[in-house]
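Visitor: Would you be able to build a 3D model of this:
(chains A and B)
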Amino acid sequence: MSPGFQGRPRSAEPALPPGQYLTQDFPVLSAGPTPRVPLETWEFVVSTESGAEFRWSWDELMALPQETPAVDIHCVTRWSKRNTDWQGVSLDTLLEGIGTGARYAQAHSYGGYTTNLPLADLRGGRAWIAHRYDGGPLPAEHGGPARLLVPHLYFWKSAKWVRGIRLTTDDQPGFWETAGYHDYGDPWREQRYQGD
Amino acid sequence: MTAPLRWRVARLCERRVETPTAHTLVLEAPGWPGHLPGQHVDVRLTAPDGYQAARSYSLAGPAEGDRIVLTVQRVPDGEVSPYLIDVYAEGDPVEVRGPVGGWFVWRPEETAPVLLVAGGSGVVPLMAMVRARRAAGSRVPFRLIYSVRTPADVFYADELRRRVRDDLGLDVAYVYTREAPPGWRGEPHRIGLADVNSHGWPPELEPLCYVCGPTGFVETVADVLVGLGHQSRRVKTERFGPTG
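Guide: As a prediction, the model looks like this:
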């Protein structure tokens, strides 16, 4: 026990994942400079384990059915933010009709960032390519023009500046996963670091 | 599967006042496995009813045996930092877990010149690099650009003066945003292109750049470095927002 430590008054709000606290602002965490990607050259590519590629330009992405998820997000650095307001295209829409037997996905970004997750976690209405936040275009420091949004995992899995997703038969750890962070990253099981 | 990082009980053995709002805590952490400069540690507090709160803090220097050093900046309305600054007393236990983080690190065997750019308490992991360079006897050229509000806000002020004098190949330049010391050339200002260009390394030397501070500061400096021609991959950043 920590002598003299009381902590904040406990809230009656619905529980956050263990070890998280609420924030109202939107902290920025990334490992390097913010890439600036012009919409004219932006593209999103899904590649399968057999090498097939499926590409969308910005205009093509905008023409797809749009969804407006309002979700809680949880950063491994312990802040959580309630009811964040996004617009984007469901990965179910993008993956529809793509034949694959892959079990894993590695998202890769403009700027070189990568992160891995099971392909199943991108399906079932739980993942989006998000391009609007809080009523406006997604700011570059938050991953604009578009980022992956997978709110049921720690937020480092929601790759900023996303450029594509590689579908693979084996699990290929990404940037933070090879730097000591957990391979899966479930906030409710507090999977922060390797071995948690 | 890697063994889980375990929580261990550390005790406060020394406290140093850096500024009115920032204290350095020297903790005795039995069995500490060592770490690289730039890594951080999670600190966890437990209330009488079992409630726990944890935060990450950068390690401020290399370990000396089982001793580790943190510098904690008070966050107004924070939950953990006010406790560590106002209540936590010598001999008291605290739980720590680490080291964590394998990206924003400097390895003493590196040979490239190093540029460190600190905004406020962002100097902490960068000071760990300065101290590790000294501890390893490295002669790699280091430059630190340290942006602070006023001279009274400088962390490690005496030690930095001493290291610039004694550690060959270390330069420190200050940028004051609100109030400059008497005799300092120039007006208080936010860091910009001219500061980074004057006190950094030319991109041709392919330095490793480490930038740590508040989000807006890091965004500005990282953009300037890329604009000057530094490769994005050699610019490592750590941003912090208001966290308790």
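Visitor: Buried residues, the strand ranked longest in chain B. List them.
Guide: Determined from DSSP state E, the single longest strand within chain B is strand B:8-19. Neighbour-count burial for strand B:8-19 flags B:10, B:12, B:18-19 (criterion: 16 or more other C-beta atoms under 10 Å in any protein chain shown). Backbone N, C-alpha and C define where each C-beta goes, glycine included.
Visitor: Give the rounded mean pLDDT of the following helix or strand past that strand.
Guide: Towards the C-terminus, the helix or strand next in line after strand B:8-19, according to DSSP states H and E, is strand B:22-28. Per-residue pLDDT values over strand B:22-28 give a mean of 98.
Visitor: cool, stretch B:107-114 as well?
Guide: Here the average pLDDT along stretch B:107-114 is 97.
Visitor: now stretch B:223-230
Guide: If you average the pLDDT values across stretch B:223-230, you get 96.
Visitor: CA atoms only: put it into PDB for me.
Guide: Included here for stretch B:223-230 are C-alpha records, laid out as PDB according to Å, rounded to 0.1, in the frame of the first residue of the first chain:
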ATOM      1  CA  ASP B 223       8.600  19.200 -39.000                       C
ATOM      2  CA  VAL B 224      11.600  21.600 -38.900                       C
ATOM      3  CA  LEU B 225      14.000  18.700 -38.900                       C
ATOM      4  CA  VAL B 226      12.300  17.000 -41.800                       C
ATOM      5  CA  GLY B 227      12.200  20.400 -43.700                       C
ATOM      6  CA  LEU B 228      15.900  20.800 -43.100                       C
ATOM      7  CA  GLY B 229      16.500  17.500 -44.800                       C
ATOM      8  CA  HIS B 230      16.800  15.000 -42.000                       C
END
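Visitor: isn't A:Tyr102 right up against A:Asp170?
Guide: To be clear, residue A:102 is Ala; Tyr isn't right here. No. The pair formed by A:Ala102 and A:Asp170 falls short of the contact definition of C-beta atoms under 8 Å, at 9.1 Å.
Visitor: of the two, who's got more company?
Guide: For A:Ala102 versus A:Asp170, neighbours defined as other C-beta atoms under 10 Å in any protein chain shown are more numerous around A:Ala102 (18 against 8).
Visitor: Next, the more buried one: phi, psi?
Guide: Backbone dihedrals for A:Ala102, given as degrees, to the nearest 10, come out at phi -70, psi 150.
Visitor: give the contact list for it.
Guide: A:Ala102 makes contact with A:48-49, A:119, A:167-169, according to C-beta atoms under 8 Å, 6 or more residues apart in numbering or on different chains.
Visitor: Over to B:Leu208?
Guide: With contacts taken as C-beta under 8 Å, 6+ apart, B:Leu208 has the following neighbours: B:106, B:110, B:112-115, B:234, B:236.
Visitor: Just say helix, strand or coil for A:Gly125.
Guide: Of the three states, A:Gly125 takes coil according to DSSP: H, G, I helix; E, B strand; the rest coil.
Visitor: Distance from the chain centre to stretch A:164-176, please.
Guide: Computed by C-alpha atoms, centre = their mean, to the nearest Å, the chain-centroid distance of stretch A:164-176 equals 13 Å.
Visitor: quick one: average confidence on it?
Guide: In this model, stretch A:164-176 has an average pLDDT of 97.
Visitor: What segments of chain A are strands?
Guide: Remark: strands assigned in chain A by DSSP E are A:21-22, A:43-47, A:53-57, A:70-74, A:79-90, A:104-109, A:114-118, A:128-133, A:136-137, A:147-149, A:162-168.
Visitor: so what's A:Arg55 bridging to?
Guide: A:Val45 (DSSP bridges).
Visitor: wait, isn't it in contact with A:Glu43?
Guide: Yes. Counting by C-beta under 8 Å, A:Arg55 does reach A:Glu43; the two are 5.6 Å apart.
Visitor: coming back round to it: would you mind saying which of the strands of chain A lies nearest B:Val43?
Guide: When those are compared for distance to B:Val43 using C-beta to C-beta, the nearest one is strand A:21-22, at 13.8 Å.
Visitor: Brilliant, that's me finished.
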